[in-house]
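1. this is the structure alone, sequence omitted:
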Ligand SMILES: NC(=O)C1=CN([C@@H]2O[C@H](COP(=O)(O)OP(=O)(O)OC[C@H]3O[C@@H](n4cnc5c(N)ncnc54)[C@H](OP(=O)(O)O)[C@@H]3O)[C@@H](O)[C@H]2O)C=CC1
Ligand SMILES: CC(=O)C(=O)O
Ligand SMILES: [Mg+2]
């Protein structure tokens, strides 16, 4: 497993939302917070209307500016006040010299409240006549939006409605997503985000992230400055070459960083304005896209070698220059021939992790630790077989081997022998060693060659079967039946996304194993009734991990990601699976509790960062769970003066 390095950018307050904040001992003069609303084109409109928040920054306590609550303010929590307010306290752009009319305010997604603007605000901000007379609560807005989204039968229409909402009223978008996470996760994330990426050219309306193409070579730092937010804490970047299990979608992969970052906010509580989605466009080898008149990316085959490396290097350098050394960069959906190398290269200079390799490993290990409560034994008592030996497969395999090695005090080389992988050419065995990609080599064990999965299952006799191939329906009836004949409770994880690429469905796994399989999948499946018992499949998706992991890194001011932090995240997630879940056969907790889960994961990750001496936010908060919760963005409307 690759351990990642980086060096520290010190944020004195430890409140990660605020790079422009103050040291623990510094007093900040009392100051009103001035917010300038901009015109719909991002430039100020011609009317002089300043929007003043009702809160006033007074002091700095425990590293967090204390907000004196105005009698009319609706905001209560001190830290929340600082962390949650999304740039409203520092709305700075080079052209912020005058202020806007209410019309502009309605078009500013960060500050727009739509019909929730109070009578007083409508008067103060020139909104009279621009809104119908009714004033509604945030809750009613959520109810109405959910009603409206449920009217759409087609998932992509729901996705587009959600994206429109995000562009229109950010706080309503996040409240909707947080309050209805189980229903809306499949809309803004897998599986629908996969279809959205496939059709991104046709549905593209407004930029939701930065597109950095070969055309921008030599001026990436300038391009970063075009993004309106400056205090970036998390970047999710893709080059679009391996989007879910859908292959090379080039520039249209942008849906993935956008979706992942909306989960950073909704699930992990990172401020939306601190999140930057980036797509690096070096071309695409997808012939269909190159010939598609609606394709939005560069029309050329992918740049490789030095040209590719130089663009990526310029990007990584510019990121550090613009946002400091503690900005977290999450590599997402790169093809494996670049992913491992990028992780290794930038792990020594930046705070980076690869979600597909490391986030996936952490979530699957958590599921396995939890599953042991149902099947018994320790990790080392089990034998693992993977279909797919790429980023997800070898990443998971390595973290399982590491955990096993720690638990049994056995060398990693030994624990790896419990784990077998099959790739497109068959079982990975020592006779193939020379021709294997470097990340597969540790898994080339002594065995005769085997070409297909069913024969590998029969020969290896695994207790756990994990699909990470990106190819749908590869766990056939024969394969699942073989697992069920070998094990009383076979563990079967069909990780590939989106739903169309799942190695088998929940229904198939339960039916073909006579209801005995312990099953989880990357994309969600509905519960299945088998012989009168309702079995609820878990969702083995890195979305359980990266938001909490990211929050833990940010709140502790961590300067690098360490494997032990991934293990800490796994342990925390596994510990949060309740008996109620186990009784339904699920090895992951429901997403409805995800913010609490993320806070606990963040606390465990941060604790590990402190233990390893990798945290820079000092002193360590006494109660890390409470601190994590206090740091989390919540989409509460603020009152405007
Ligand atoms: N649930 C989750 O949280 C996550 C799910 N995933 C999903 O996992 C899948 C794989 O992702 P990733 O590991 O990054 O992709 P990679 O491209 O890195 O790896 C795919 C692996 O599958 C192998 N493979 C492809 N076709 C077959 C086949 N027919 N039979 C056997 N093996 C095959 C490839 O073999 P070869 O090397 O020979 O080409 C390769 O080893 C994707 O669908 C992705 O969506 C990924 C990350 C997280
Ligand atoms: C979930 C995820 O990261 C993937 O499928 O690539
Ligand atoms: Mg991914």
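-> On my side now, so go ahead. Here the structure is a predicted model, which means the values were calculated and not measured. Ligands and ions are numbered 1, 2, ... in the order given.
2. so what's the closest residue to ligand 2 within the chain up against?
-> Of all residues in the chain, residue 497 sits closest to ligand 2, at 3.7 Å by C-beta to the nearest ligand atom. C-beta coordinates here come from the backbone N, C-alpha and C atoms, glycine included. Residues in contact with residue 497 (C-beta atoms under 8 Å, 6 or more residues apart in numbering) are 190, 191, 194, 244, 245, 522, 523, 541.
3. and with 10 Å instead?
-> Going by C-beta atoms under 10 Å, 6 or more residues apart in numbering, residue 497 touches 189-191, 193-194, 243-246, 392, 470, 521-523, 541.
4. with residue 545 instead?
-> Applying C-beta under 10 Å, 6+ apart, one finds that residue 545 lies in contact with 267-268, 353, 355, 358-366, 566, 569-570, 572-573, 597-598, 601, 605.
5. which element is residue 628 on?
-> Taking DSSP states H and E as the criterion, residue 628 maps to helix 624-631.
6. do you know how far the residue nearest to the spatial centre of the chain is from residue 328?
-> What sits nearest the mean C-alpha location of the chain, by C-alpha atoms, centre = their mean, is residue 260, with 3.8 Å. Distance of residue 260 to residue 328, computed by C-beta to C-beta, to the nearest Å: 12 Å.
7. overlap of the contact sets of these two?
-> Common neighbours of residue 260 and residue 328 (C-beta under 10 Å, 6+ apart) are 234, 236, 546, 550.
8. surely the first one meets residue 271?
-> What that stands for is residue 234. Yes: Residue 234 is in contact with residue 271 according to C-beta atoms under 10 Å; the separation is 9.5 Å.
9. the two - which one has more neighbours?
-> Neighbour count, other C-beta atoms under 10 Å: between residue 234 and residue 271, residue 234 has more, with 28 against 24.
10. can you count the residues close to the residue nearest to the more buried one when sequence neighbours are not counted?
-> In space, and not counting its chain neighbours, residue 234 is closest to residue 328: 4.8 Å by C-beta to C-beta, 6 or more residues apart in numbering. Residue 328 is flanked by 27 other residues according to other C-beta under 10 Å.
11. and residue 328, what pLDDT?
-> Listed pLDDT for residue 328 reads 98.
12. for the remainder of this discussion, apply numbering that starts at 586.
-> Sounds good: first residue 586 from here, last item residue 913.
13. I figured it hits residue 905, correct?
-> No: contact between residue 913 and residue 905 fails when scored by C-beta under 10 Å: they sit 11.7 Å apart.
14. residues from the stretch 1086-1226 of the chain in reach of ligand 2?
-> With the criterion set to C-beta under 6 Å from any ligand atom, the stretch 1086-1226 of the chain comes near ligand 2 through 1107, 1126, 1127.
15. rerun at 8 Å
-> Within the stretch 1086-1226 of the chain, the positions near ligand 2 by C-beta under 8 Å from any ligand atom are 1107, 1126, 1127, 1128.
16. who wins for neighbours among these?
-> Ranked by neighbours (other C-beta under 10 Å), these are led by residue 1107, which has 29 neighbours.
17. ok so, going back, and the residue of the chain closest to ligand 2, which of the three is it?
-> Following DSSP: H, G, I helix; E, B strand; the rest coil, residue 1082 is assigned to coil.
18. which pLDDT value goes with it?
-> For residue 1082, pLDDT reads 98.
19. quick one: it and ligand 1, what's the gap?
-> Residue 1082 sits at a distance of 4 Å from ligand 1 (criterion: C-beta to the nearest ligand atom, to the nearest Å).
20. for that residue, grab phi and psi.
-> Residue 1082 adopts backbone torsions of phi -120, psi 160, taken as degrees, to the nearest 10.
21. now swap in residue 1030 and tell me
-> Phi and psi for residue 1030, reported as degrees, to the nearest 10, are phi -90, psi 170.
22. which non-adjacent residue is nearest it?
-> In space, and not counting its chain neighbours, residue 1030 is closest to residue 1002: 5.9 Å by C-beta to C-beta, 6+ apart.
23. quick one, what contacts the one you found?
-> Contacts of residue 1002 (C-beta under 10 Å, 6+ apart): 968, 986, 995, 1028, 1030, 1031.
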